[in-house]
Structure formats: structure tokens, C-alpha cells
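1. Predicted model and sequence follow; I will ask about them next.
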Amino acid sequence: MTKAAARGRRSARIHWGLALCVCAGLSCSRTHVRPDVTPPLTDDFASQASKQAAQLDPEAGAPLTAEEQAEHLLARVTFGATQADRVRLQQQGIAAFLEAQLHPERLDDSAVDQRIASLPVETHSAAELSQELDKYREDQRLLRERRAKEAQERGIDEDKVDEAMARDEQLQVASATPQEMAAMADESKADRIARENKRFGRKDLGRIGKGPGFDYTVQLSEAKLLRAEYSRRQLQEVMVDFWFNHFNVFAGKDREAALLPSYENEIIRKNALGNFRDLLLATAHSPAMLIYLDNWRSVGAPEMLKPEFDRRGRPIQRKNRKLGNGLNENYARELLELHTLGVDGGYTQADVTEVARCFTGWSVQDPKDDPTFVFRARQHDVGEKHVLGQVIPAGGGLEDGEKVLDLILAHPSTGRFLARKLARRFLEDDPPDAVVERVAAAYRDTQGDIRSMLRALFSSPEFWSRKALKAKMRSPLELVAGAVRALDADVKDPATLARQVGRIGEQLYGAVPPTGYGDTEEVWASSGAVLSRIDFALALAKGELPGVKVDLQPLATGARTHAEVLDRAAALLGAGALTERTRSYTLAQLEQIPLDQKPVLVAQRAVGLLLGAPELQRR
């Protein structure tokens, strides 16, 4: 490497390092206190908004009661209400509770942090994880070569070597001793489920479906479930889930499993309630994103690269410059379509190509040993570009991509696109235009302050309309985490719950397309998924999930009738008013069990049936 190239590389890396700590308030600390851009919510904002909603739409019904307001808010800004949440909200009031959630740095989360700290992915760097993953793959390559050589020496078809390796687990069972076979036969149902669960999800993660890559993904899933269940910073975790799907990265591609822990913690979580500009810039510089969407190899056309000369001053021939695989438009397309403007945001295919040219050279230092951002000037297209009607002059470098980000951040389509997605997540699948415009205005007026956008959303009359109650279907993650939170379950093995989320249809970190997982009823309402939801509900209530314990004895203690047990269970789960159909069916099932002889079984049946009922599939 020449001294000039080395200086350029150091300069680019220093540029990004400073940007992480300085640019637009992007913090280098997870507990950084971000100043408020808009005033906090007033004490009576919810009741006033609910009254206004009833006036604007009399057909929607009367204003929400104080209890309905509390349950509605908890259903939207947490993964599910707990009894502790209800007490805290009653003591603080809706406004103070919500403001605390909007300021996660004010909430002590050390208890859940201690639990998560035991997971290696939370304490190891991306470089360490990437090197371990690479070593495993190299070991596997050598193993295949050795087996192929042995197969050749024995006259075995080499094409069957990989097939034989894939059958290792079955071969281990087949060759087990009689004592080992007897132990397998005697294992409990819970142990058998646990053993089968270890294999679940591997096929959905492709190449990383085994080895350390799979272990990283499982640990990430465990951390996500632990935070969803136990974190006091519930709104932050809800927003982490929202933004991760917005800026989705699939764990099964290349070495993404090693990069995702830092991606989620240092980019998504750190900026989940901050400023959208900071979040967008951080994802644009993220090795995980650059590798996922192939931008790290994107190179300008040979005639558009900056001329290079050898030591004698002679121009280096383009054909000898092996820099990458040509121009790649993947990141440019998703940046415009999914991250900012939206598919109808006013850009053209020509804009996609021009944006891709601006981001040539945005790369990764060394995916294996040093997975950090680097700008490679040798790969950058230095020609003039035209993006959204604006000219980006020739001769630029790293700043070309930054100018593109500035353009799209200021574009009105970005505010509307983000506003509609937030309203869809927190209000309903097809949110009213008035709410979208109100949230978009908050984006425009605060230059993308996410906390202010949420305040605008939560203070909208439409949010507190009776029509908004139970308007959203729970995602698999919300269903599982919400049930565990409601029952105050003792979770020793969060991986069990992560696998349940996957079985219901949401393999965590397993969404292949850049769109991530959807957030509408049509995504989650298939008949197969509904059956999986019921299976999970019954297994949780009966205590059949390994490493997850629930105590349902209090629901039956002192109850004189089956109806009393049902009412207690409905209140605990936050079911609200049950339909006559659900109530009559569930009660008929409960009355088949003698309450005086099997009170706990009655409680288990009540919880299991309610968790599988239509009312509990919605929030």
C-alpha cells in the first residue's frame, strides 16, 4: 500500500469514527441523554384526546374510560402489560409513564443487563465473532477434504460425502449403545421437546444453520426475548423491533450472524428513540448493512474511476485494477424504497443508478479480521451525478454519499413514509391520513426527532378512539412475549420461547428480504399460524415448555365458580371484554373439570384457551 493510500484509508476511518461520536448528536454511549426537542405530554392529554376522538367520530362510541386508556397504552407501547406495569401507570399517570418510556436512560435496566451479559454475543466484538466463524468454516472445509480423500481411497462416490456429513446426527443415534438407546427411550416429554428444539430453525438460516453462526443467532434471539420480557425500557425495545425490520439484515447471509450483535446494539438500539438522521447515517456506514446489500463490493465503471499511476508516473491500465464486481444497486434501491422515500416517493430507476454511483467505495475494511467501515477512494465513481433533480459535482468522494443522505432526509416523502409506518405499527393497519400528516409534520419541524414523532402520534385523538382498541394483530414475538409477561413466567431458557416465536411464523433474524417482517394482519393471520398460536398457548399454560415456569395456582385459590377463574384469567391477560362466543365456549370447557378436585387444571385450561382466543391475538 502506498503512503497516500494509507493516509486516505486512515482519513476515511477517522472521518467515520468522529461521525459516530459527534455528527448530529450520535452518541458513543448507550445511556446518552438526548435533549427534548418538543415539550413533554401534559397530564391530561390522554383524556382530552379521547374526548376529542368521540366528538370527531360519534359513531366510534363514548370516550375511553381511565382503565381502558391504561390498558390500551400498555398494549401499544409494551410487549404486553404486567401487573407491575398497571400499578406503576396508576401511580404515575399516563403522561408520566409514557414520558419515562420515551426517556429510557431514566429507567434502571441493570437487572436484565446482568442476565444478558452471560451471552457471549453480548460481550464479544464483531471481529472476534467473525474470526471464530471463519475458523469453523475453515475446519469444515478441511474436514470435507479429508473425508473426500478417504472416500476416494475407499472407492466411495465423492458426491455423497456432504450428504454423509449431514447425516451425522442420525448416524450417532443409529450407532448408540443399548444403554444410550434406553436413556433416549426413558427421557421425559420435556427433554424430548428440548432435544428436538435444538434443531428447529436451522433450515431457515441457510449456511449458518449450524456451527457458531447458528449459536450467535440463537443467543441474539435469547437476548431479544429477555429484553422483551423483563426490560423496564419497553418502548425502546418495541422501537428496536420496529427499526430492525425497517433496516432489516438477514442473519443467514455470509457472516452476518457475527455482525448482527453490534449492529442491533450499537446502531439500532442506541438510536431507536433518537434522531432518524443519526440512525440512517449509522446504518449506511454499517458493515452488516453494506455486506447484506452487497455495497461493500460496488465499484464505479472503469472510465469513472480516479486515474492511478505507478511509481514511474505511468497510468495503470483499468483491466489490471481488480477492485470488485462492478456497480451494485442493491443498497441504493433499498435506501430509497424501504429506508426513506418509499416505493411511491418520487424517485426513478435513473435515481437508483445515480445513488449507487454515489455510494461506490463505501466498503468494509476486512470482513473477517476487521469488520469496520472504510471508504475506498479507488473504487469510487468520481463523475458527475444527478439525484432527485440535484447535481452532485464531479470529483467528489465520501461526501457524495453523504450528500445523497442529506437530500433524502430533507425530502417530504421521507417524513410521510416514516409517519405512515409508525402509525401502522402503533395505531392500525390503514392509519388515517390526518395522523400520518401530523406525525410527518413532527418529522419536518424537528428534523427527524423520533421521540417528537411518537409524541405527535400518541397525542392524536385517533390513537385514543374506541375504534383503535384491539385494532392490531399481535406478531408472533408480541404474542409470546406478551403471554410470558402477563403470567409473570420464570424464564430459565429464553431459547425455548425464541423457537416458539419461529414456529408461529417469525424466525427471529431470519427474514431474508430487505423488507423484514411485515406489520399487518394479512402477514400473520394464516390458518396454520393460528393453530401454532393455540399450540403455544396450551403448552405454556400446562407448563410443557422447557425452561419456562408459570404459577397459575393463585387464579384458582379461593375461587368458588369456574366463571370466577375465567374472569381472573381474563383480567390477568388483559383480554378486555370477552365476546359471548368466547366466554360461553371457554366456560363450557372449564366446567368439564371439577373445580374442587383439580383447581390448577381449571386455571391452566382457562389461560390456555384464552391465550388462543381471538381477543388475545390482538392488541
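-> Received it, and whenever you're ready, just let me know what you need. Just so we're clear, the structure is a prediction, and the values are computed from it rather than from any experiment.

2. isn't residue 219 right up against residue 118?
-> No: judged on CB atoms under 8 Å, residue 219 makes no contact with residue 118 at a distance of 9.6 Å. The C-beta positions use only the backbone N, C-alpha and C, and glycine is treated the same way.

3. who has more neighbours, those two?
-> Using other CB atoms under 10 Å as the criterion, residue 219 and residue 118 rank with residue 219 on top: 22 against 12.

4. For the more buried one, what is the enclosing helix or strand?
-> For residue 219, the host element (DSSP states H and E) is helix 211-230.

5. Just the C-alphas of that helix, formatted as PDB.
-> Taking Å, rounded to 0.1, in the frame of the first residue of the first chain, the C-alpha atoms of helix 211-230 are listed here in PDB:
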ATOM      1  CA  GLY A 211     -21.800 -24.100  13.900                       C
ATOM      2  CA  PRO A 212     -21.100 -20.800  15.700                       C
ATOM      3  CA  GLY A 213     -23.200 -18.800  13.300                       C
ATOM      4  CA  PHE A 214     -26.300 -20.600  14.400                       C
ATOM      5  CA  ASP A 215     -25.300 -20.200  18.000                       C
ATOM      6  CA  TYR A 216     -24.900 -16.500  17.600                       C
ATOM      7  CA  THR A 217     -28.300 -16.200  16.100                       C
ATOM      8  CA  VAL A 218     -29.800 -18.200  19.000                       C
ATOM      9  CA  GLN A 219     -28.100 -16.100  21.600                       C
ATOM     10  CA  LEU A 220     -29.300 -12.900  19.800                       C
ATOM     11  CA  SER A 221     -32.800 -14.300  19.900                       C
ATOM     12  CA  GLU A 222     -32.400 -15.100  23.600                       C
ATOM     13  CA  ALA A 223     -31.300 -11.600  24.300                       C
ATOM     14  CA  LYS A 224     -34.300 -10.200  22.300                       C
ATOM     15  CA  LEU A 225     -36.800 -12.300  24.300                       C
ATOM     16  CA  LEU A 226     -35.200 -11.500  27.600                       C
ATOM     17  CA  ARG A 227     -35.400  -7.800  26.900                       C
ATOM     18  CA  ALA A 228     -39.000  -8.100  25.600                       C
ATOM     19  CA  GLU A 229     -40.000  -9.900  28.800                       C
ATOM     20  CA  TYR A 230     -38.000  -8.200  31.500                       C
END
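
6. Now residue 503. Nearest residue, chain neighbours left out?
-> Among residues not flanking residue 503 along the chain, residue 532 sits closest, at 5.3 Å (CB to CB, 6 or more residues apart in numbering).

7. Just give me the neighbour total for the one you found.
-> Residues near residue 532, counting by other CB under 10 Å, number 18.

8. residues in contact with it?
-> The neighbourhood of residue 532, defined by CB atoms under 8 Å, 6 or more residues apart in numbering, consists of 503-505.

9. which of these has the most neighbours?
-> residue 504 (24 neighbours).

10. thought it was touching residue 476?
-> Yes: Residue 504 lies in contact with residue 476 (CB under 8 Å); the separation is 3.7 Å.

11. any shared contact partners between those two?
-> With CB under 8 Å, 6+ apart as the test, residue 504 and residue 476 both reach 529, 533.

12. quick one: the residue nearest to residue 503 from residue 44, how far?
-> 42 Å (CB to CB, to the nearest Å).

13. Check residue 98 too.
-> 13 Å.

14. next one: residue 394
-> Counting by CB to CB - residue 394 and residue 44 are separated by 58 Å.

15. and if you look at residue 616?
-> 31 Å.

16. just residue 142 next, same as before
-> 69 Å.

17. repeat for residue 420
-> Distance from residue 420 to residue 44, by CB to CB: 28 Å.

18. Which one's more surrounded, those two?
-> residue 420 (19 against 12).

19. isn't that one right next to residue 431, touching?
-> Yes: counting by CB under 8 Å, residue 431 is a contact partner of residue 420 at 6.4 Å.

20. For residue 533, give its distance to residue 578.
-> Counting by CB to CB, the gap from residue 533 to residue 578 is 17 Å.

21. who has more neighbours, these two?
-> residue 533 (25 against 20).
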